[in-house]
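> I need the structure of the sequence given here:
(one chain, ligands or ions: 1)
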Amino acid sequence: MQIVSFKNYEQLSGYMADFIADSIKNKPDLVLCMASGSTPALTCDLLVQKLKERQVDYSKFTFLGLDEWVGLPPFNTGSCHYFFHKKIFEPLQLSSSQFFLFNALADDLKRECSKMDKVIADKGGIDIMVVGIGMNGHIGFNEPGTSFAALSHVAELDEITKSVGQKYFDEPVELGKGITIGFGQLMNTKKVFLMANGSKKAEVIKKTIEGPVTESFPASIMQNHPHSFIVIDEEAASVLSKN
Ligand code: GLP
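Below is the predicted model of the structure:
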């Protein structure tokens, strides 16, 4: 696990966007899996900008959405669908065959999970995964207690996830379950980047890097991955022992 620190959010977002744009340039059929949320928001904007400026051929890469709130329609502005359509798919005019997101309204959510697992397997695995971290240490909707071997699954959301998650919505929403790509797939991903910024993430970043590796603190799985990177700003790094 490598720690990559930056002065601020703008710099870490620029680094991440550069890395993804260069990776697509070098491997046009790259498979990228990303989380939505406040943390990767600027990375998405900069990625679109850099791909266009550098005239990278992005017509062959595949985009996978890491997770989604179960029960939310895709037009809900707090959904991961809405986020990725507005930030990536529409600005890049991606073909619908290039992106795969969970349908959180499906009657058969297990089938949605199997579909995602099959896409990942058929593509030969994920090249790059860019994730955030929740205030309980979750990644995607891999909540505390999730097996490190899990594939895509539906999760009962933790109370912290439900309350913190309200920030994405214009009015209070009842959140109960999430659907997510699992840690079995994260461990098989070639390179995994966990991004975090701001002092509110400092404690969870400390536990991720310095705490025990345990399923009760999901992000600690990063310590087990052979090619994992913790991409943080000064504030998120502020309580690390070797800071
Ligand atoms: C959400 C999502 C995660 C996201 C995390 C942190 O609940 N399920 O995929 O990475 O929480 O979000 P943010 O970047 O907004 O802090």
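> CA only for contacts and neighbour counts going forward, please
OK.
> Okay, now the unreliable bits of the chain?
Counting by pLDDT under 70, the chain shows low-confidence ranges at 243.
> At the geometric centre of it, which residue do we find?
When CA atoms, centre = their mean is applied to the chain, the residue found nearest the centroid is residue 35 (2.3 Å).
> Run a quick check on that residue versus residue 140, I expect a contact.
Yes - if you go by CA atoms under 8 Å, residue 35 and residue 140 touch, sitting 6.5 Å apart.
> Find the residues that touch each one of those two.
Overlap between the contact sets of residue 35 and residue 140, as judged by CA atoms under 8 Å, 6 or more residues apart in numbering, is given by 66-67, 131-132.
> For the ligand, see how far away the residue nearest to the centre of the chain is.
With distances defined as CA to the nearest ligand atom, to the nearest Å, the gap from residue 35 to the ligand amounts to 5 Å.
> Give me every residue in this protein lying close to the ligand.
Taking CA under 6 Å from any ligand atom as the test, the list of the chain residues beside the ligand reads 35-39, 131-134, 139-141, 161, 165.
> Contacts only, for residue 2.
In this structure, residue 2 makes contact with 227-230, judged by CA under 8 Å, 6+ apart.
> typo on my end, it should be residue 4
Applying CA under 8 Å, 6+ apart to residue 4 gives the contacts 229-232.
> quick one: which of the residues you listed has the most company?
The member of the contacts of residue 4 that has the most neighbours, counting by other CA atoms under 10 Å, is residue 232 with 27 neighbours.
> which residues sit against the one helix or strand that one maps to?
Here residue 232, judged by DSSP states H and E, is contained in strand 228-233. Where contact means CA under 8 Å, 6+ apart, the residues beyond strand 228-233 that reach it are 1-9, 12, 191-198, 222.
> Pull out the buried residues from those residues.
Buried positions within these, assessed by neighbour count (16 or more other CA atoms under 10 Å), are 5-6, 9, 12, 191-198, 222.
> Just the ones of the residues you listed in helices?
Counting by DSSP state H, the members of the buried ones among the contacts of strand 228-233 that fall within helices are 9, 12.
> The buried ones among the contacts of strand 228-233 into JSON lines, with extra columns for distance to residue 54?
Rendered in JSON lines, the data for these read as follows (distance: CA to CA, whole Å):
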{"residue": "5", "distance to residue 54": "25"}
{"residue": "6", "distance to residue 54": "24"}
{"residue": "9", "distance to residue 54": "22"}
{"residue": "12", "distance to residue 54": "20"}
{"residue": "191", "distance to residue 54": "23"}
{"residue": "192", "distance to residue 54": "24"}
{"residue": "193", "distance to residue 54": "23"}
{"residue": "194", "distance to residue 54": "25"}
{"residue": "195", "distance to residue 54": "24"}
{"residue": "196", "distance to residue 54": "27"}
{"residue": "197", "distance to residue 54": "27"}
{"residue": "198", "distance to residue 54": "30"}
{"residue": "222", "distance to residue 54": "31"}
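> In the protein, what residue spans correspond to strands?
In order along the chain, the chain carries the following strands (DSSP state E): 2-6, 31-34, 62-65, 67-69, 99-100, 128-131, 153-156, 177-180, 191-196, 228-233.
> do you know which of those lies nearest residue 114?
When those are ranked by distance to residue 114, counting by CA to CA, first place goes to strand 153-156 at 8.7 Å.
> Parallel or antiparallel, list what pairs with that closest one.
Strand 153-156 has its sheet partners listed here by DSSP bridges as strand 177-180 (antiparallel).
> in stretch 162-177, what counts as buried?
Within stretch 162-177, the residues that qualify as buried are 162, 165, 168, 175, 177, counting by 16+ other CA under 10 Å.
> OK, contacts around the fourth one?
The neighbourhood of residue 175, defined by CA under 8 Å, 6+ apart, consists of 69-70, 157, 162.
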